[in-house]
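Engineer: sequence plus predicted model, see below.
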Amino acid sequence: MGEFDKYLNPSVDRPSFAQCNHGKTYQLGPRVFYPATSAHDWQLGEPTTRRLRIFAVDPSALVREGKYATIEIPYEKLTPGPVGCLFEVDTTDLDTGKKPVDADPDLDGLKVLLGSGMAPSDSNPAFHAQMVYGVASLVHRTFRRALGRQIPWPFPPRDGVTRLRIRPFAGETQNAWYDPNQGTLNFGYFYAHEKPTDGTLPRGIVYTALSHDIVCHEMTHAMLDALRSNFVLQTSADMSGFHEGFSDLMALFHHFLHKDALRNALARSRGSLRDSKYLSHIGQQFGRASGGVQALRSACNTELRYDPKMPAHQMGELLMAAVFDAFCTVYERKTASIMRLATGGTGRLPEGDLPEALVEVLTTRAHNLASQFLNMLIRAVDYLPPVDVRLGEYLRAIITADSELVPDDTWNYREALIDAFRLR
């Protein structure tokens, strides 16, 4: 993802919650007076959820790999854009200043509602808007479920309304970023190969707005900024690395929420989480197109060891690898008895495809476990200091938050996390 988060630096002028004036009076920053932001207030007779189709990975994935997913997000009335209570999608191309033709979808249209949204397509600009809205809503719902409360946006309102503006066509740039000053998520696009000069059609364009991982990653930056605004201050490599690693973790564990893609991945990897690129890699299309690598980052990178001078994205990858290692350990514990039954006690799977019943059970276990880890990781943010977080402090926050909620750790989740961090 390159320099996705160029706005996350100490030079950003952010108001503080309170400032002491000679120890006597306090001056409240402008953020205190921003209007509160809340999700749609459900009304009797309305649907509870909206179904939308998205790319579960990115446009380069194969159909048999679970390329498509249908998600269920909280329902709200939308105007074309789409524009709702929390988000407004702006399809204006920042390079040309113009909107693509028919780029603002009406997701409340009867045909679109009946079809669970528009069909995934990298050539339909209206689907780009649907994709970013759907994934952003999914991530926001995950945070609200974990914390059990509304989460206000940390930026000033526009025309009296505070919404996160999402730009799926943020110009020709090999980048995507969250701008905390303007309150925008920006997704650029770039040519996978050299742009032709002879007037012929380009060989391929990579749209970061169509990458499930990139949208999750950038949306998490916005959510983390809403919860802890001073985390934007990169006071150490740990602090900047935490922002990146936490965002990668949210993208990674959201893979496990799409059951069809998860089922296909587990069937291909014969039940192993570590051997599946879909389950352990972040940003596959972007990585291949921009750097010729399998993915931007891997949760199975076993070579990384902590160094306080590590670059931000590498530090983030280290955090992601530690948590994913613990996740795989707990998954293996929870599925050990199932594997023994399926192999007659030997633990060695026979050649050929796994039985469908076994794949279904493994899928359910992995899906439920990922939801639990998402809750643990998000709840821990409330237990962090307001600034200058170190990775060890985040581990303690996870352990503390989970201990208060679940005193009896039967499957030793906390032990697995401590061991994974200690190994690195």
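Structural biologist: Cool, the structure landed.
Engineer: isn't there a strand covering residue 273?
Structural biologist: No - Residue 273 is assigned coil when assessed by DSSP: H, G, I helix; E, B strand; the rest coil, not a strand.
Engineer: neighbours of it, how many?
Structural biologist: Residues within reach of residue 273, counting by other C-beta atoms under 10 Å, total 24. (Glycine included, C-beta is placed from N, CA and C.)
Engineer: now do residue 172
Structural biologist: Using other C-beta under 10 Å, the number of residues around residue 172 comes to 16.
Engineer: quick check: it touching residue 189?
Structural biologist: Yes - using C-beta atoms under 8 Å, residue 172 is in contact with residue 189, at 6.2 Å.
Engineer: what's the end-to-end length of stretch 347-356?
Structural biologist: Terminal residues of stretch 347-356 lie 18 Å apart, using C-alpha to C-alpha, to the nearest Å.
Engineer: now the helices for the stretch 301-424 of the chain?
Structural biologist: 312-342, 356-379, 391-405, 413-423 (DSSP state H, counting those that start in this stretch).
Engineer: would you list those in a markdown table and tack on distance to residue 161, mean pLDDT and mean neighbour count?
Structural biologist: Formatted as a markdown table, these follow (distance: least, C-beta to C-beta, whole Å; pLDDT from 0 to 100; neighbours: other C-beta atoms under 10 Å):
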| stretch | distance to residue 161 | mean pLDDT | mean neighbour count |
| --- | --- | --- | --- |
| helix 312-342 | 33 | 93 | 20 |
| helix 356-379 | 26 | 95 | 18 |
| helix 391-405 | 33 | 96 | 17 |
| helix 413-423 | 40 | 96 | 17 |
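Engineer: residue 47: which of those is closest?
Structural biologist: helix 356-379 (22.5 Å; C-beta to C-beta).
Engineer: show me the contact partners of stretch 272-281.
Structural biologist: 57, 61, 65-66, 252, 255-256, 261-262, 264-266, 268-269, 284, 287, 294-295, 297-300, 324, 327-328, 331, 366 (C-beta atoms under 8 Å, 6 or more residues apart in numbering).
Engineer: filter these down to the buried ones.
Structural biologist: 57, 61, 65-66, 252, 255-256, 261-262, 264-266, 268-269, 284, 287, 295, 297-300, 324, 327-328, 331, 366 (16 or more other C-beta atoms under 10 Å).
Engineer: where are the low-confidence patches of the stretch 1-150 of the chain?
Structural biologist: Along the stretch 1-150 of the chain, segments meeting pLDDT under 70 span 1-27.
Engineer: recalculate using a threshold of 50.
Structural biologist: For the stretch 1-150 of the chain, the stretches flagged by pLDDT under 50 are 2-4, 7-19.
Engineer: can you show me the helices along it?
Structural biologist: Using DSSP H, counting those that start in this stretch, helices in the stretch 1-150 of the chain cover 110-114, 125-147.
Engineer: and residue 225, how close does it get to residue 33?
Structural biologist: The spacing between residue 225 and residue 33, counted by C-beta to C-beta, to the nearest Å, is 18 Å.
Engineer: the two: which is more packed in?
Structural biologist: residue 225 (22 against 9).
Engineer: how about the helices in the stretch 151-300 of the chain?
Structural biologist: Using DSSP H, counting those that start in this stretch, helices in the stretch 151-300 of the chain cover 212-227, 237-254, 259-268, 277-280, 284-291.
Engineer: could you redo those helices as CSV and give each row mean pLDDT and distance to residue 28?
Structural biologist: Below are the helices of the stretch 151-300 of the chain laid out as CSV (pLDDT from 0 to 100; distance: least, C-beta to C-beta, whole Å):
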stretch, mean pLDDT, distance to residue 28
helix 212-227, 95, 18
helix 237-254, 94, 25
helix 259-268, 92, 46
helix 277-280, 88, 45
helix 284-291, 79, 41
